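*Asks:* what shape does this take:
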Amino acid sequence: MANNLTNYGQEVALFDDQNRPSGTVLNLGGVAQQAKKLKLMLNTAVPAKDGTGFTEVANGNGYTTGGIALTSTNFTLSLDGGNIKVVIDTQTWTAAGGAILNIDGVFLTDGDDNVLAWWERTTATTLADGDDLVADGLYIKLS
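*Replies:* Residues are numbered from 1 along each chain as shown. This next block holds a predicted model:
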C-alpha cells in the first residue's frame, strides 16, 4: 500500500497552518518556527535520519560554535511542482585568523539542538583565511 502526505499535510508539517482560512497567505510555522541554528558539519560526522551522528566544526578562525542564529524571517515558502517547500535565506561563514577545516555540510537545529535537517557536500572543504562558504538555496520539501 502506497502512502504519502497530501499538499495540505505538507503545509501542516512545514508551516503548521491547519487553521488558515482558505485563500490566505501561508504563515511560517512547523519546521521553520522550530529552526533556530544553522551549523557547519565536520567531515567526521556520520549523520543519521534519527538525528544522531552530527559533529559540529570546532570554534575558531571565524566560526562560532553554535552556528548562525535563525528566526522565521530567514525562511520563505513556495510551491515547487505542486509541493510546498521552505527555503532558508543565504547564509555566509568567513574564515578569519586562520582556516576552518574539514567542512562537510551544514545542519539545522531547533533551540534544544535537535537536528531537523542537513545538507552534505559532495566532498569536504577547508576555508583558507579570508575565504567564504555560502549556504545558498537550502530548502526542505516534502513530496
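*Asks:* for the lengthiest strand in the chain, buried residues please.
*Replies:* Across the chain, the longest stretch assigned as strand under DSSP state E is strand 115-127. Neighbour-count burial for strand 115-127, counted by 16 or more other Cβ atoms under 10 Å, picks out 115, 116, 117, 118, 119, 127. For every residue, glycine as well, the C-beta is placed using N, CA and C.
*Asks:* which one of those residues sits closest to residue 45?
*Replies:* residue 118 (8.6 Å; Cβ to Cβ).
*Asks:* confidence score at the closest one?
*Replies:* Looking at residue 118, its pLDDT is 90.
*Asks:* check residue 37 too.
*Replies:* If you check residue 37, the pLDDT there is 96.
*Asks:* and it, what are its bridge partners?
*Replies:* residue 69, residue 109 (DSSP bridges).
*Asks:* neighbours of it, how many?
*Replies:* Look at residue 37: counted by other Cβ atoms under 10 Å, it has 17 neighbours.
*Asks:* returning to what we had before: can the buried residues of strand 115-127 go into TSV with extra columns for distance to residue 136?
*Replies:* Below are the buried residues of strand 115-127 laid out as TSV (distance: Cβ to Cβ, whole Å):
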residue	distance to residue 136
115	21
116	19
117	16
118	16
119	11
127	15
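*Asks:* what is the most widely separated pair among those?
*Replies:* Greatest spacing in the buried residues of strand 115-127, by Cβ to Cβ: 116 and 127 (24.4 Å).
*Asks:* follow-up on the earlier one: CA atoms of the longest strand of the chain as PDB?
*Replies:* What follows is strand 115-127, C-alpha atoms only, in PDB (Å, rounded to 0.1, in the frame of the first residue of the first chain):
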ATOM      1  CA  VAL A 115      18.700  18.200  14.300                       C
ATOM      2  CA  LEU A 116      15.800  19.000  11.900                       C
ATOM      3  CA  ALA A 117      17.600  18.700   8.600                       C
ATOM      4  CA  TRP A 118      21.000  18.500   7.000                       C
ATOM      5  CA  TRP A 119      22.800  19.100   3.700                       C
ATOM      6  CA  GLU A 120      26.000  17.300   2.800                       C
ATOM      7  CA  ARG A 121      28.700  18.400   0.400                       C
ATOM      8  CA  THR A 122      29.900  16.000  -2.300                       C
ATOM      9  CA  THR A 123      33.400  16.400  -0.800                       C
ATOM     10  CA  ALA A 124      34.700  18.100   2.400                       C
ATOM     11  CA  THR A 125      36.200  21.500   2.000                       C
ATOM     12  CA  THR A 126      38.600  23.800   4.000                       C
ATOM     13  CA  LEU A 127      38.200  27.500   4.100                       C
END
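*Asks:* lovely, talk soon.
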